[in-house]
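# What would the 3D arrangement of this be:
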Amino acid sequence: MNVAGTVLLFCSVYLIGVWIGRIQAGGSRKALRKNMQWKNRYREHLTEMRLRSTADAFHGLSSAFRESGSRSFDRANREIAATALAETEKEICQPCGGCHLGKMQLQKDTYYLRYLMTAFGKNGRINTDDMPRIFNETCCEMPKYLDELNEELERSQVQIDWKKRFLESREVAALQFQEAENMLLAIASSGEEWEDVTEEWDAAVRRECRKLRLRLGRILVESDHRGHLQIHMILQTGSRRPVPSREIADAVGLALKRRFRVEENGKSMIGREAARVVLMEEPVYGVCLGVARAVGGGGDISGDNYSAMELPEGRYLLCLSDGMGSGAAACEESEAVVELTEQLMESGFSLEGTVKSINSVLLLREGEQCPATLDLHCLNLYTGDLSSRKQGAAATFIKRGEKVTVLESADMPIGWNRNVTGEESVSQLEKETFVVLVTDGVVEALPGTDKEEFLAEILRRVKGGNPQMMAEDILALAVGQEEPRDDMTVLVAAIQSRN
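Numbers count the residues shown, from 1 in each chain. Next comes the predicted model:
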């Protein structure tokens, strides 16, 4: 074989070897990628199982706190009632000795002891109707017996109140455990709500990053059940000039024909060091706010406080609280309610959990009981669903064109008693909808007997427009020509489409 043939054979063998090597390398990369995907999915599965296990533990703690607290409170109440009956028998029945009724073992009757304490807690006194019929028919010292029994129970009132506070504190802890359980379960299930659509959008995103002279490492594009996208990227610049994250969001949005924004608290500038960037699709709706306020009674501090803020996951909070009375004390109470509402809602609490938690905190505070109203609304900016919860608050008005819906509530303010009543209502909002929140001072200052209907009729005639002007007009209508006698606050949220 000549030299040319040898060279040709060597080159052929070399090329075949390279080709085989590439095939093997490609197969190895595919196998490695599949292995990595399996490992990632397995890690996600383990994480989900651990979250659910921790949620079960919180559920057990919540149940244990509630059950043990209720049993402890019931046992303490029965012991107080039994002691009061025994002392009354010792003071009245033994000296009398006129009948055998004093020897009735009422202090060992569990059902009667519970009934006795329920009647005393409800009426503040035990009456003849609360005693056994045979006592009422035969006891010759019934008035004296009842007076002594009521005195014994009144002496125990401090202990009863302390036990109630103790039970309420356990209820607060149980509620926190329950909310922690709900949030962990929500996190564990969050992966099921998103679908990996990286392959569909990968090329377009990489193309835009190259135009901006960015080096794109890993990328993950997810879509929820409504088709809204989230883009997770590892980026760094290929030059010395940093690139604003907002510019990246605009460029990617233009290419994908959608509107994106940078995740809250994300990096504002991308430099030469690799950084994680998350782009979230802009919600369908936006909120424009208008506020008008007046201080009643010639004071300089309003007892009303409000909050309007965007929450994580495309939610928007509207909150209005009216403290009892006016001045600094009322302001302090309503401010505490609003601040707690912001913190709980931002951390992921539900409306129900938020209301119950704040109610328990107010009841457990030292000093005089100071309840406050709570007008709480949470808007989903992607779907337009408005969830509402009202505790002792004035009516809320939802205006869509000439149609006005009135949301009213007969529930007591929070911090009034241990049991919080009321239900959450859900309304479907659309663009060009106005949500009007007012305090009692505004409604009570309106003319006529059906004041809510009067304001609703005024809103029907308003053609919409600027929410700030609408709030000022409503306040001017309520104030009139006189100095306001109560604090007044008007909050108008205009729901607008971003498209």
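# which residues of the stretch 101-250 of the chain fall in strands?
195-196, 214-223, 229-237, 243-244 (DSSP state E, counting those that start in this stretch).
# List the strands paired with the second one, with their directions.
If I follow you right, that is strand 214-223. Looking at strand 214-223 with DSSP bridges, its partner strands are strand 195-196 (antiparallel), strand 229-237 (antiparallel).
# okay, those strands in CSV with mean neighbour count next?
No exception for glycine: its C-beta is placed from N, CA and C like everyone else's. Putting these into CSV (neighbours: other CB atoms under 10 Å) gives the following:
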stretch, mean neighbour count
strand 195-196, 10
strand 229-237, 19
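# averaging pLDDT over each of these, which comes out lowest?
Note on the strands paired with strand 214-223: strand 195-196 shows the lowest mean pLDDT, a mean of 79.
# who's in contact with it?
Residues from elsewhere that reach strand 195-196 (CB atoms under 8 Å, 6 or more residues apart in numbering): 220, 221, 222, 223, 224.
# Narrow the residues you listed to those that are buried.
For the contacts of strand 195-196, a neighbour count by 16 or more other CB atoms under 10 Å gives the buried set as 221, 222, 223.
# Report the beta-bridge partners for the last one.
With DSSP bridges as the criterion, residue 223 is bridged to residue 195, residue 229.
# Quick one: residues contacting it.
By CB under 8 Å, 6+ apart, residue 223 lies in contact with 194, 195, 197, 229, 230.
# In JSON lines: those, plus distance to residue 322.
Output for the contacts of residue 223, formatted as JSON lines (distance: CB to CB, whole Å):
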{"residue": "194", "distance to residue 322": "41"}
{"residue": "195", "distance to residue 322": "45"}
{"residue": "197", "distance to residue 322": "47"}
{"residue": "229", "distance to residue 322": "41"}
{"residue": "230", "distance to residue 322": "39"}
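# which of the residues you listed lies closest to residue 432?
residue 229 (26.2 Å; CB to CB).
# isn't that closest one right next to residue 221, touching?
Yes. Using CB atoms under 8 Å, residue 229 is in contact with residue 221, at 6.2 Å.
# hey, where'd the helices end up in the protein?
Under the criterion DSSP state H, helices of the chain are mapped to 3-88, 94-96, 110-123, 133-138, 142-155, 157-190, 198-211, 245-256, 327-346, 351-364, 440-444, 451-461, 467-479.
# Which residues belonging to stretch 398-408 are considered buried?
398, 399, 400, 404, 407.
# The third one reaches residue 432, doesn't it?
Yes. Applying CB under 8 Å, one finds residue 400 in contact with residue 432, separated by 7.5 Å.
# distance of residue 268 from residue 247?
Residue 268 sits 10 Å away from residue 247, going by CB to CB, to the nearest Å.
# Check residue 394 too.
For residue 394 relative to residue 247 (CB to CB), the value is 46 Å.
# Comparing these two, which residue is more hemmed in?
residue 394 (24 against 12; other CB atoms under 10 Å).
# ok, that one to residue 322 distance?
8 Å.
# CSV for the strands of the stretch 101-250 of the chain, including distance to residue 439?
Below are those laid out as CSV (distance: least, CB to CB, whole Å):
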stretch, distance to residue 439
strand 195-196, 45
strand 214-223, 42
strand 229-237, 39
strand 243-244, 42
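# Quick one: closest of those strands to residue 340.
That would be, of the strands of the stretch 101-250 of the chain and by CB to CB, strand 229-237, which comes in at 30.0 Å.
# Run through who's touching the closest one.
With CB under 8 Å, 6+ apart, strand 229-237 has contacts from 194, 197, 201, 205, 209, 213-224, 243, 248, 252, 256, 258, 260, 270-281.
# Drop anything exposed from those residues.
194, 201, 205, 209, 214, 216, 219, 221-223, 243, 248, 252, 256, 260, 270, 275, 277-281.
# I figured residue 228 hits residue 381, correct?
No. Residue 228 lies out of contact with residue 381 (CB under 8 Å); the separation is 10.7 Å.
# Kindly report the domain assignment for this structure.
70-169, 195-281, 285-497 (automatic domain parsing).
# Compare these and give me the one nearest residue 178.
domain 285-497 (7.2 Å).
# Show the end-to-end separation of the closest one, please.
5 Å (CA to CA, to the nearest Å).
# Skip the chain neighbours and tell me the closest residue to residue 130.
Nearest non-adjacent residue to residue 130, counting by CB to CB, 6 or more residues apart in numbering: residue 119, 4.5 Å away.
# residues contacting that neighbour?
Per CB under 8 Å, 6+ apart, neighbours of residue 119: 126, 127, 130.
# okay, these in a markdown table with distance to residue 462, pLDDT and neighbour count next?
A markdown table is the format used below for the contacts of residue 119 (distance: CB to CB, whole Å; pLDDT from 0 to 100; neighbours: other CB atoms under 10 Å):
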| residue | distance to residue 462 | pLDDT | neighbour count |
| --- | --- | --- | --- |
| 126 | 58 | 76 | 21 |
| 127 | 56 | 76 | 11 |
| 130 | 57 | 74 | 19 |
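# which one of these sits closest to residue 449?
residue 127 (39.1 Å).
# Now the closest one, what are its backbone angles?
phi -110, psi 170 (degrees, to the nearest 10).
# mind checking how far it is from residue 144?
Separation of residue 127 from residue 144 (CB to CB) stands at 14 Å.
# what do you get for residue 88?
Residue 88 is 10 Å from residue 144, by CB to CB.
# Ok, residue 433 next?
Using CB to CB, we find residue 433 at a distance of 67 Å from residue 144.
# next one: residue 391
Taking CB to CB, one finds residue 391 at 45 Å from residue 144.
# Which one's more surrounded, those two?
Taking other CB under 10 Å, residue 391 and residue 144 do not tie; residue 391 has more neighbours (25 against 14).
# Closest to residue 454 out of the buried ones among the contacts of strand 195-196?
Nearest to residue 454 among those, with distances taken as CB to CB, is residue 223, at 47.6 Å.
# Quick check on residue 393: phi, psi?
The phi/psi pair for residue 393 (degrees, to the nearest 10) reads phi -90, psi 160.
# Likewise for residue 301?
Per degrees, to the nearest 10, the backbone of residue 301 is at phi -120, psi 120.
# Can you give me the neighbour number for it?
13.
# isn't it right up against residue 325?
No. The pair residue 301 / residue 325 is not scored as a contact, 11.2 Å apart, by CB under 8 Å.
# hmm, back to that, check the buried residues of stretch 398-408 and tell me the two furthest apart.
400 and 407 (13.4 Å).
# so how far is the first residue of stretch 438-456 from its last?
12 Å.
# Now it: average pLDDT?
87.
# can you pull the contacts of residue 447?
Applying CB under 8 Å, 6+ apart, the residues near residue 447 are residue 454.
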